[in-house]
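A.B. asks: Have a look; sequence and predicted model below, questions after that.
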Amino acid sequence: MNSDRTTLLTGATGLLGSYLLRDLLFAERSVAVIARPTRRASAHERIETLVRGWESSLGIGLPRPVVLVGDLDRPLCGLGGADLGWVREHCEQIVNNAASLTFRGVDRDAEPWKTNVGGTVTMLALAEAAGIRHVHHVSTAYVAGLRTGIVLEDDGNVGQEFGNDYEASKAEAELLVRAAPHLDTATIYRPSIIVGDSATGYTSTYHGYYAALRLGHTLLTRVSLGSTSGRALLTLLGIDADSRKNFVPVDWVSAVIARGIASHSARGRTYHLTHPEPLAMEFVAEVIQEAVESYSVAAAPDAPDLCDEQWFADHLRVQLDLYQRYFRTDPSFDHPNTSTIAADLPCPALDRDTLLRMSKYAIQHNFGWFPPDAVVTELPRASSRRGTLAH
């Protein structure tokens, strides 16, 4: 274990959080995590399952993080007494990675506001109580909202309109972190739309790209083959085929953030973790069509419950009208700060084969509906070469 003081991580059980935990442990950094129990497992069991899965994937042993049982919904994240004292004594910085990806939320006591804003308030209060003066905050590139043109890394709130409550809540959380008077540095990471592992296709969450893929999959299983063209899918969703979206693989996002966490000189800046080559939605739709026709089980021509495209429009489009805004053309995200700390970590290409690999994983795992005891064995087979991970 290196001599640096401990990094405290929230959101370790999510997709990006699990990769951050892997990369930090792999780099032999001292790590503590705040985790809550579920009905099936204690906080310690949940984290141990993740670490053992990564050990199996990497083929090496990993150090264990300190597990603090807590919850961002509670004051000081539910930490008190001995745990709070331990954090005060050992932790130098917090990585605030917990987030809700809920798009709509009128009630500010519900998601996404509850986690994205309320959780940030709680985290900042914990940092102040524990004397932690450095925070690394995972935000999103879409705090830019509906802006067009070039968005600079140092741009903040310029009066932009937001496409959904997720974007608005993340923008508000950024402002809270930047304004916290007890912090010496606030380091902000703004990834675009995170997809699965670039090498294995692994994912544990199914938003963004996977929402469109799931629609194509659903359509194929309910209508006859030939009614599921990528162009038809875009038309039904009201998405412009020429729109361009920015997707980034989770392994690369984690590697860059881990690099920033490890570097004192990287503190206090904002980083756009975005892809230099956004994807045209027409290309995305073509890949989705190929994926569902290759990996999904198509409806039989004589199936008694066979439906047509009108069924799809009537029953699903209403639920997904927000995606017309979500899959709008992205602005151009400037990234000189990211280039400075990660010039040797180019973002992997998201070509047809890579997206098909990610799509295959999602479809074969029924978009997350696999048995809980399958989680460990389904973690990706990562390279054992240290050069492929952040350190």
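C.D. replies: Yes, it's here.
A.B. asks: On the three-state scheme, Ala211 is what?
C.D. replies: At Ala211 the chain is in helix, as set by DSSP: H, G, I helix; E, B strand; the rest coil.
A.B. asks: how much space between Thr340 and Thr6?
C.D. replies: 26 Å (C-beta to C-beta, to the nearest Å). Every C-beta, even on glycine, is put in place using the N, C-alpha and C of the backbone.
A.B. asks: Could you double-check that Ser359 lies in contact with Tyr206?
C.D. replies: No: counting by C-beta atoms under 8 Å, Tyr206 is not a contact partner of Ser359; they are 11.0 Å apart.
A.B. asks: More neighbours: which of those two?
C.D. replies: Ser359 (26 against 19; other C-beta atoms under 10 Å).
A.B. asks: which ones are touching the more buried one?
C.D. replies: Applying C-beta atoms under 8 Å, 6 or more residues apart in numbering to Ser359 gives the contacts Gly201, Leu213, Val287, Ile288, Ala291, Val292, Tyr295.
A.B. asks: 6 Å instead, please
C.D. replies: Leu213, Ala291 (C-beta atoms under 6 Å, 6 or more residues apart in numbering).
A.B. asks: State the number of residues packed around the residue nearest to Gly131 when sequence neighbours are not counted.
C.D. replies: Among residues not flanking Gly131 along the chain, Arg88 sits closest, at 5.6 Å (C-beta to C-beta, 6 or more residues apart in numbering). By other C-beta under 10 Å, 13 other residues sit near Arg88.
A.B. asks: Quick check, Arg88 in contact with Ile132.
C.D. replies: No: counting by C-beta atoms under 6 Å, Arg88 stays clear of Ile132, with 8.2 Å between them.
A.B. asks: Three-state assignment for Thr49, please.
C.D. replies: Going by three-state DSSP: Thr49 is helix.
A.B. asks: What score does it have for pLDDT?
C.D. replies: Per-residue confidence (pLDDT) for Thr49: 96.
A.B. asks: Helices of the stretch 51-200 of the chain, residue ranges please.
C.D. replies: Ranges of helices within the stretch 51-200 of the chain are 81-90, 113, 119-130, 165-179, based on DSSP state H, counting those that start in this stretch.
A.B. asks: just so I know, which of those helices lies nearest Asp351?
C.D. replies: In terms of C-beta to C-beta, the element of those nearest to Asp351 is helix 165-179, at 27.8 Å.
A.B. asks: Show me what that closest one is in contact with.
C.D. replies: By C-beta under 6 Å, 6+ apart, helix 165-179 touches 103-105, 112-113, 116-117, 120, 135, 137, 139-140, 142-143, 145, 162, 186.
A.B. asks: That one versus helix 119-130: what angle between them?
C.D. replies: 20 degrees (axes from the mean of the first three to the mean of the last three C-alpha atoms, to 10 degrees).
A.B. asks: The closest residue in space to Ala342 that isn't next to it in sequence sits in which helix or strand?
C.D. replies: Leaving aside its chain neighbours, Ala342 sits nearest to Val256 (4.6 Å; criterion: C-beta to C-beta, 6+ apart). Taking DSSP states H and E as the criterion, Val256 maps to helix 250-262.
A.B. asks: Could you give me the buried positions within that helix?
C.D. replies: Neighbour-count burial for helix 250-262 flags 250-262 (criterion: 16 or more other C-beta atoms under 10 Å).
A.B. asks: ok, the very next helix or strand once past it: who's next to it in the sheet?
C.D. replies: Reading on from helix 250-262 to the C-terminus, the next helix or strand found by DSSP H and E is strand 270-273. Looking at strand 270-273 with DSSP bridges, its partner strands are strand 185-191 (parallel).
A.B. asks: got the CA positions of the strand it pairs with in PDB?
C.D. replies: Listed next in PDB are the C-alpha coordinates belonging to strand 185-191 (Å, rounded to 0.1, in the frame of the first residue of the first chain):
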ATOM      1  CA  THR A 185      -9.900  22.100  -4.000                       C
ATOM      2  CA  ALA A 186     -13.000  20.900  -5.900                       C
ATOM      3  CA  THR A 187     -12.100  18.700  -8.900                       C
ATOM      4  CA  ILE A 188     -15.000  18.100 -11.300                       C
ATOM      5  CA  TYR A 189     -15.200  15.200 -13.800                       C
ATOM      6  CA  ARG A 190     -17.800  15.500 -16.600                       C
ATOM      7  CA  PRO A 191     -18.200  12.200 -18.600                       C
END
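A.B. asks: how far out from the middle of the chain is it?
C.D. replies: Averaging C-alpha positions (C-alpha atoms, centre = their mean, to the nearest Å) puts strand 185-191 14 Å from its chain's average.
A.B. asks: Sweet, I'm off.
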